[in-house]
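*Asks:* Sequence and predicted structure below; questions after.
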Protein chains: 2
Amino acid sequence: MEAIPLLTLKRLPQYLEALNRLQKAGLKMVPATKIAVFTDVHMTQVRKDLAYTGVVGTPKIGHNVDELILAIEQCLNWNDISSCFLVGVGHLGKALMGYSELNKKGMRIIAAFDANPELAGTYYQGIQVHSMSKFSNLLSRLHVHIGILTVPAEAAQEIADEMVAGGIIAIWNFTPTRLQVPGHVIVENIDMSSSLAVLSRRVAERLYHTKN
Amino acid sequence: MEAIPLLTLKRLPQYLEALNRLQKAGLKMVPATKIAVFTDVHMTQVRKDLAYTGVVGTPKIGHNVDELILAIEQCLNWNDISSCFLVGVGHLGKALMGYSELNKKGMRIIAAFDANPELAGTYYQGIQVHSMSKFSNLLSRLHVHIGILTVPAEAAQEIADEMVAGGIIAIWNFTPTRLQVPGHVIVENIDMSSSLAVLSRRVAERLYHTKN
């Protein structure tokens, strides 16, 4: 299986989003130029990216929309369902447990864990919450590969270590902590703090220059 | 006010996170090398980034921890509270409404909006939910600059247009839609779809190569 470049992978969901809209609008065929307009990506780049899906377009007519949607979903492994564990049932954890988009994108949270013993045995959105003491045992029994980390920053590294020790090969990290993990473990960060830093500073700069 | 480079801005919260931990541990002074170890950023880069805060370190001793924390928070405008509106009170919107970290990072959601009329007049985490029809009016009365977008993808552009028309200068976009906005409007994307695309594909590649 070919390693698709990082930036291509990040753009594929945007194409998918555009293609789904075009499909709803009744379009059967779509040229790369149209996808380029919808996603604000240069058409040369769109063509390069779509080449990774293996779908070949017809000159001047473009790609078959249905075929391209399926091919992108397959590239992203969104047709397969991957089971995953979530650790940290706070506001953010609960949001992800109720986020139906995840299921459409091949990810199913099959169990959640929290340090708060009062949550153990409860259910949220049909997903059972367990105490952390059950984590390793359930992990090895259920052969789960992906862990979602929604704990407070100071607990992140410790839980990541437990995930790695239990055989997790990919961590979706929603904490601001930079995790130290062995080289074979994949970490994808959703870094809200960094994003908020950029936003706050840019707004402050903008307002300052408006006033002065 | 100096425009701080994007990547520096993204790293400042990581330094802050490390500094807060060191402060809790009782440290008064910290050399850039120590911050480098904690954040996995090269110390030359750490020094360059910290220069933007205006805090000058002492050779071999380093920076005063308390002073550096304050200076970074000031750089990021996290000491000031910016009021913002949130549109889209689904799972993700609710998670942000309950996310206390936002207040620590200078952002306060003062009102929320949703297209579902049944939510109008309700409260969540002490924040009132309004119908979308009140959006423009409240926006102009309360001089809010920042909008948080947590609506479904297909509604994102329309709401963004309303935000811009009402005077919003920065949108924190949690939808997978690439927003088309005028050049003066700041957009910060939290793109969970892209992140999930990278994660899913890398896991698939890893498992494929383990099997074959």
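*Replies:* Thanks, I have the structure now. Residues are numbered from 1 along each chain as shown, chains lettered A, B, ... in the order given.

*Asks:* Can you tell me which helix or strand of chain A has the lowest average pLDDT?
*Replies:* helix A:101-104 (a mean of 86; mean pLDDT, DSSP states H and E).

*Asks:* could I have it exported to PDB, CA atoms only?
*Replies:* Below are the C-alpha coordinates for helix A:101-104, written out as PDB (Å, rounded to 0.1, in the frame of the first residue of the first chain):
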ATOM      1  CA  GLU A 101     -19.600  12.100  11.500                       C
ATOM      2  CA  LEU A 102     -17.000   9.800  13.100                       C
ATOM      3  CA  ASN A 103     -19.000   6.700  12.100                       C
ATOM      4  CA  LYS A 104     -19.300   8.000   8.500                       C
END
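
*Asks:* list the contacts for the residue lying closest to residue A:62 once chain neighbours are set aside?
*Replies:* Distances taken as C-beta to C-beta, 6 or more residues apart in numbering or on different chains place residue A:31 nearest to residue A:62, at 3.4 Å, with adjacent residues excluded. All C-beta spots, glycine's among them, are computed from the backbone N, C-alpha and C. If you count contacts by C-beta atoms under 8 Å, 6 or more residues apart in numbering or on different chains, residue A:31 has them with A:57, A:60-63.

*Asks:* Take those and keep only those in strands.
*Replies:* residue A:63 (DSSP state E).

*Asks:* Out of the contacts of residue A:31, give me the two with the largest separation.
*Replies:* A:60 and A:63 (11.8 Å; C-beta to C-beta).

*Asks:* Looking at these two, which one has more neighbours?
*Replies:* Set residue A:60 next to residue A:63 and count neighbours by other C-beta atoms under 10 Å in any protein chain shown: residue A:63 wins out with 23 against 6.

*Asks:* quick one: average confidence on stretch A:31-43?
*Replies:* Mean pLDDT, stretch A:31-43: 91.

*Asks:* Could the C-alpha coordinates of it be exported in CSV?
*Replies:* Only the C-alpha atoms of stretch A:31-43 are listed here, as CSV (Å, rounded to 0.1, in the frame of the first residue of the first chain):
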residue,chain,number,x,y,z
PRO,A,31,-13.8,18.1,-14.2
ALA,A,32,-10.8,18.7,-11.9
THR,A,33,-11.3,22.5,-12.6
LYS,A,34,-14.7,22.4,-10.9
ILE,A,35,-13.3,20.6,-7.8
ALA,A,36,-10.5,23.2,-7.8
VAL,A,37,-13.0,26.1,-7.7
PHE,A,38,-15.1,24.5,-4.9
THR,A,39,-12.1,23.8,-2.7
ASP,A,40,-9.8,26.7,-3.5
VAL,A,41,-7.0,24.4,-4.5
HIS,A,42,-5.1,24.8,-7.8
MET,A,43,-6.4,22.5,-10.5
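
*Asks:* just curious, which of the contacts of residue A:31 is nearest to chain B?
*Replies:* Closest approach to chain B among these (C-beta to the nearest C-beta): residue A:63, at 18.8 Å.

*Asks:* residues in contact with that closest one?
*Replies:* A:29-32, A:50, A:55, A:57.

*Asks:* Name the secondary structure element that contains whichever residue of chain A sits closest to chain B.
*Replies:* Of all residues in chain A, the one sitting closest to chain B is residue A:95 (3.3 Å; C-beta to the nearest C-beta). Using DSSP states H and E, residue A:95 falls within helix A:91-97.

*Asks:* quick one: strands adjacent to the longest strand seen in chain A?
*Replies:* When chain A is parsed with DSSP E, its longest strand is strand A:107-114. Paired strands of strand A:107-114, with direction, are strand A:82-87 (parallel), strand A:127-131 (parallel) (DSSP bridges).

*Asks:* Give me the distance from whichever strand or helix holds residue A:67 to the chain's centre.
*Replies:* Taking DSSP H and E as the criterion, residue A:67 maps to helix A:65-75. Centroid separation for helix A:65-75 versus its chain: 18 Å, with C-alpha atoms, centre = their mean, to the nearest Å.

*Asks:* What of stretch A:125-136?
*Replies:* Using C-alpha atoms, centre = their mean, the offset of stretch A:125-136 from its chain centre is 21 Å.

*Asks:* now do the same end-to-end measure for it.
*Replies:* 23 Å (C-alpha to C-alpha, to the nearest Å).

*Asks:* buried sites along it?
*Replies:* A:127, A:129-130, A:132, A:135 (16 or more other C-beta atoms under 10 Å in any protein chain shown).

*Asks:* what do you get for stretch A:96-111?
*Replies:* A:96-99, A:101-102, A:105-107, A:109, A:111.

*Asks:* Equivalent analysis for stretch A:31-45, please.
*Replies:* Buried residues in stretch A:31-45 (16+ other C-beta under 10 Å): A:31-32, A:34-36, A:38-39, A:41.

*Asks:* Residue A:87 versus the residue nearest to residue A:123 when sequence neighbours are not counted, what's the distance?
*Replies:* Leaving aside its sequence neighbours, residue A:123 sits nearest to residue A:129 (C-beta to C-beta, 6+ apart; 7.0 Å). Here the criterion is C-beta to C-beta, to the nearest Å. By it, residue A:129 lies 10 Å from residue A:87.

*Asks:* intersection of neighbour lists for those two?
*Replies:* A:112-114.

*Asks:* Please look at residue A:186 and residue B:205 and confirm they touch.
*Replies:* No. Checked against C-beta atoms under 8 Å, the pair residue A:186 and residue B:205 is beyond contact range at 9.3 Å.

*Asks:* out of the two, which sits in the busier spot?
*Replies:* Using other C-beta under 10 Å, the more surrounded residue of residue A:186 and residue B:205 is residue A:186, with 19 against 16.

*Asks:* Phi, psi for that one please.
*Replies:* With angles defined as degrees, to the nearest 10, residue A:186 sits at phi -90, psi 130.

*Asks:* Tell me who's in contact with it.
*Replies:* Neighbours of residue A:186 in contact, by C-beta under 8 Å, 6+ apart: A:169-171, B:199, B:202-203, B:206.

*Asks:* Quickly list what residue A:112 is bridged to.
*Replies:* Where residue A:112 sits in a bridge, its partners, by DSSP bridges, are residue A:86, residue A:129.

*Asks:* Quick check: it vs residue B:162, distance?
*Replies:* Residue A:112 is 36 Å from residue B:162, by C-beta to C-beta.

*Asks:* domains in chain A, as residue ranges please.
*Replies:* Chain A breaks down by automatic domain parsing into domains covering A:6-75, A:82-194.

*Asks:* Determine how far the last residue of the first one lies from the first.
*Replies:* Domain A:6-75 has an end-to-end distance of 13 Å (criterion: C-alpha to C-alpha).
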